[in-house]
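S.K.: Sequence plus the predicted model coming up.
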Number of protein chains: 2
Amino acid sequence: MRRDITDFSSKALTPVRLVPLAFAVTILIGASLLMLPASRASDNTDQMPALFTAVSAVCVTGLITVDTATFWSPFGQGVILALIQVGGFGIMTLATLLALLVRKRLGIRSQLVAQSESHTVNFGDVRRVLTRVAAIMAVVEGVTAIILTARFRIAYDDDLPTALWHGAFHSISAFNNAGFSLFSDNLIPFVDDPWIIVPISTAIILGAIGFPVIIELLRKSPYKKTWTIHTRLTIYGTLLLLALGITLFAAFEWNRPETLGPLSAGGKLVAAIGGGVFPRTAGFNSINYGVAAPETLLITNILMFIGGGSAGTAGGIKITTFLVLGFAIWNEIRGREQVSINNRSIASSVQRQALSVALLGIGAVILGTVLLLVSTDYGFEQVLFESVSAFATVGLSTGITYHLPHSAQFVLMALMFIGRIGTITVAAALALTNKPVLYRLPEERPIIG
Amino acid sequence: MRRDITDFSSKALTPVRLVPLAFAVTILIGASLLMLPASRASDNTDQMPALFTAVSAVCVTGLITVDTATFWSPFGQGVILALIQVGGFGIMTLATLLALLVRKRLGIRSQLVAQSESHTVNFGDVRRVLTRVAAIMAVVEGVTAIILTARFRIAYDDDLPTALWHGAFHSISAFNNAGFSLFSDNLIPFVDDPWIIVPISTAIILGAIGFPVIIELLRKSPYKKTWTIHTRLTIYGTLLLLALGITLFAAFEWNRPETLGPLSAGGKLVAAIGGGVFPRTAGFNSINYGVAAPETLLITNILMFIGGGSAGTAGGIKITTFLVLGFAIWNEIRGREQVSINNRSIASSVQRQALSVALLGIGAVILGTVLLLVSTDYGFEQVLFESVSAFATVGLSTGITYHLPHSAQFVLMALMFIGRIGTITVAAALALTNKPVLYRLPEERPIIG
Ligand SMILES: [K+]
Ligand SMILES: [K+]
């Protein structure tokens, strides 16, 4: 069984290979639908936007080379919405199932499904995960859609069908961390409207926190001492990154006339919530990042790269990956060989996986940035932001995506695909291929630092 | 014994604390000398350049806020040269002695000195390291100075005293990877002169490769199968980074009119050698990095951050740190729990030290960049380049150092100091404080990726 997963010459369809295949097929179907004339609002016949938009929607990124509001017909917008829903549902269920597979192979009892003692993921497990993810999605998206619809109807004078369509689209786009919007200016018109920004931010955070954490919170007493380390890292990490992101965004943009300057104090606060929540990794924008301060872009880059929780709709290397590395260093500084968090130790193979996911992620972003630099005339800051945004499936942009040549668009598509499925498949593949040590080689200690 | 090193409340002067103290004292003496009127060529009385230059010289960085050629008198230039020599000699000997201390404490036979079986570093060891480092410095700097003096005398019509002074200054600045120059345009006038660029590059590489590697090469047969892993990683890593740096620099700048465009093909090649060698981490510049392509700046950032060999005059996180992490990922991808290189395994504590040094380095650069962004109006690209250059004690700049406010100068001084002594003291402190595991905590596996 194990051999199948590592033996890349084998033709067996291993679980780890199923994920990229499923995403590739979905993207091709989506691109085909978007290539239909019925999907277009204009008579533009360029087919590149269909492919790029399909990748961006299925990978729930939100980077766009054409305006969603005006380029696509309502049918085309419906296709995009379906791709977002399928992409978000797909990543949440497949990442959960991969994590479950790893746990079962390693013989670890898991909270993710009712306990069955088999060491493979069976049909019952799959069904349980699918129905529970669907139920959570339906509830969060439904509630968010109702609030947004009411707000669009009452405060913005949309007629009811329009309000419903806007409400449903943005609620689904939010929970799936997709960042697509039916407004040409994305959420900039609503920068200081708490009735839009807060429900959307809530849906984003719930989608980003990940299915395993939601299930654990629903199942267990709220008494946090019973939480697993995974849930603790994700919850506390989310709170920490939100506090950090909102505070620094507010500090850097509060008085800048290009962004928050003209708003009231309350409006600035609402805008700062968006500025802290959207990079992790929904990708809506309620300010124009093309005129944001360089320090804001840098902090946003870091938040985007770290991303959200595992087995949710968020991208990035994930909070647990980041925090496991942080705790590894902290324990190293204290001179402890075991990495411990709250009186639990972290398996050393998990630390190595975190190192690999993080450094391969840095490598992908750097390679993508170099390729974008040589294929365009844009500056380093814009290109790095675009590269991180694509890899972490965020969708924020300083505004250059619309003007990129095809070569650069292919670089971004590759980054989105690798970022979306790479982190989860690399981590699962590494966990599943760990071979026991059969012999010890003589040890050396090269000088470090 | 061990307690002294970890117990930070203790007042004992541990070896790990001796290094920052020695550097701080040397900087204060140097700054005092540079504050003397005799050190100035002008009647400028601003004392900030004295402090900044002293930090830059002792940390062998080469960032400057005033022109070395015109601001300082010959006496001041002599002080700077002495600080470079003391700083380079200090870092090479202290880093070697720290590595030796780590090895002896861990009971590992070391190539660094004649074998004595004690577990502490004794006076004989210190004397042997000091005399050998001094001998190597004298030989390399002497030969380089003779070649450069001859070239300045013959091709540039310097009178003999001037040629000697220029030759000695640039040879010492090269071997110590300091990057200070007596020419206002640094090495730009010599961009395509192989008789200047090649001897300087050779001295830089020998200084950067580190004392432990030089000693091993001098002692052993050239038959590489007997090399330690440390020497193999350093030699092959140096060759790889040089090839990569020279090739990409040539590829990105070959035809650009701002840089290599006007040169002959041979001249471009000589210039590319400089472009590949100087960022690791000598910091001479033979082109104006203010007009380099963004992709060149990005590659240069990466070369600067990685830096040179351990226990040499180069900065950065060091080649071994970078390669140990690379091999850790490679072995993880192949599903092996042991990290092996050439049939030797790398101690897992060494891997954790490498992770800590690299990620703390990334953290220092990011923090420095944020602080520089909020204290100046420069763009992200310029500021990141400056921050990496300071941390890795390189000294390259896009040209903003001259115009930075005092607050930003203090950020750079902190980065230079942390970069110079931080990587070696952190690595040694981590190695010396590793505590044995006395009990095992229950293990958990948070989901990664
Ligand atoms: K997104
Ligand atoms: K330097």
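M.R.: On my side now, so go ahead. Ligands and ions are numbered 1, 2, ... in the order given.

S.K.: tell me which parts of the stretch 51-200 of chain A are close to ligand 1?
M.R.: A:61, A:62, A:177, A:179 (CB under 5 Å from the ion). (C-beta placed from N, C-alpha, C; glycine too.)

S.K.: Please convert those to a markdown table, extending it with secondary structure.
M.R.: Putting those into a markdown table (DSSP: H, G, I helix; E, B strand; the rest coil) gives the following:
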| residue | secondary structure |
| --- | --- |
| A:61 | coil |
| A:62 | coil |
| A:177 | coil |
| A:179 | coil |
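
S.K.: Kindly indicate which of the residues you listed lies nearest residue B:84.
M.R.: Residue B:84 lies nearest to residue A:61 out of those, by CB to CB, at 49.7 Å.

S.K.: Assign a three-state SS to the closest residue to the closest one other than its chain neighbours, would you?
M.R.: Nearest residue to residue A:61, sequence neighbours excluded (CB to CB, 6 or more residues apart in numbering or on different chains): residue A:393, at 4.3 Å. On the three-state scheme (three-state DSSP), residue A:393 is labelled coil.

S.K.: what about stretch A:263-275, near chain B?
M.R.: No. Shown here: stretch A:263-275 not in contact with chain B (CB under 8 Å from any CB of the partner chain), separated by at least 15.7 Å.

S.K.: Can you check the pLDDT for the residue nearest to residue A:61?
M.R.: Note on residue A:393: pLDDT of 95.

S.K.: Neighbours of residue A:21, how many?
M.R.: 11 (other CB atoms under 10 Å in any protein chain shown).

S.K.: Return the distance of it relative to residue A:99.
M.R.: 19 Å (CB to CB, to the nearest Å).

S.K.: Is it correct that residue A:101 is in contact with residue A:432?
M.R.: Yes. Residue A:101 is within contact range of residue A:432, at 7.4 Å (criterion: CB atoms under 8 Å).

S.K.: Which parts of the stretch 201-350 of chain A are helices?
M.R.: Using DSSP state H, counting those that start in this stretch, the helices found in the stretch 201-350 of chain A span residues A:211-219, A:229-253, A:265-277, A:294-306, A:319-333, A:348-375.

S.K.: Now for the residue of the stretch 251-400 of chain A found nearest ligand 1: which residues touch it?
M.R.: Closest to ligand 1 within the stretch 251-400 of chain A is residue A:283: 3.4 Å, counting by CB to the ion. Residue A:283 makes contacts with A:61, A:62, A:63, A:177, A:178, A:179, A:389, A:393, A:394, A:395, A:396, as judged by CB atoms under 8 Å, 6 or more residues apart in numbering or on different chains.

S.K.: so which one among the residues you listed has the lowest pLDDT?
M.R.: residue A:179 (90).

S.K.: Now it, what are its backbone angles?
M.R.: phi 80, psi 0 (degrees, to the nearest 10).

S.K.: Could you measure from it over to ligand 2?
M.R.: Distance, residue A:179 to ligand 2, by CB to the ion, to the nearest Å: 43 Å.

S.K.: From residue A:398, how far off is that residue?
M.R.: On the measure of CB to CB, residue A:179 and residue A:398 end up 15 Å apart.

S.K.: in the stretch 1-150 of chain A, which spans are helices?
M.R.: Assigned by DSSP H, counting those that start in this stretch, the helices in the stretch 1-150 of chain A fall at A:2-6, A:15-35, A:48-58, A:68-71, A:74-105, A:123-155.

S.K.: which bits of the stretch 51-200 of chain A sit near chain B?
M.R.: A:95, A:99, A:102, A:103, A:106, A:108.

S.K.: Find the nearest non-adjacent residue to the second one, please.
M.R.: Yep, that's residue A:99 we're talking about. residue B:447 (4.7 Å).

S.K.: The one you found reaches residue A:101, doesn't it?
M.R.: No. Contact between residue B:447 and residue A:101 fails when scored by CB under 8 Å: they sit 11.5 Å apart.

S.K.: who's more crowded, these two?
M.R.: residue B:447 (31 against 22).

S.K.: Residue of the stretch 301-449 of chain A closest to ligand 2, please.
M.R.: Counting by CB to the ion, the stretch 301-449 of chain A gets nearest ligand 2 through residue A:449, at 17.0 Å.

S.K.: re the thing from before, got a pLDDT number for the residue nearest to residue A:99?
M.R.: pLDDT, residue B:447: 77.

S.K.: Now do the phi/psi pair for it.
M.R.: Torsion angles, degrees, to the nearest 10, at residue B:447: phi -70, psi 130.

S.K.: returning to that earlier point: so which of the helices of the stretch 1-150 of chain A gets nearest residue B:157?
M.R.: Using CB to CB, the helices of the stretch 1-150 of chain A put helix A:48-58 closest to residue B:157, at 60.9 Å.

S.K.: Kindly calculate the angle that the closest one makes with helix A:15-35.
M.R.: Between helix A:48-58 and helix A:15-35, the angle comes out at 140 degrees (axes from the mean of the first three to the mean of the last three CA atoms, to 10 degrees).
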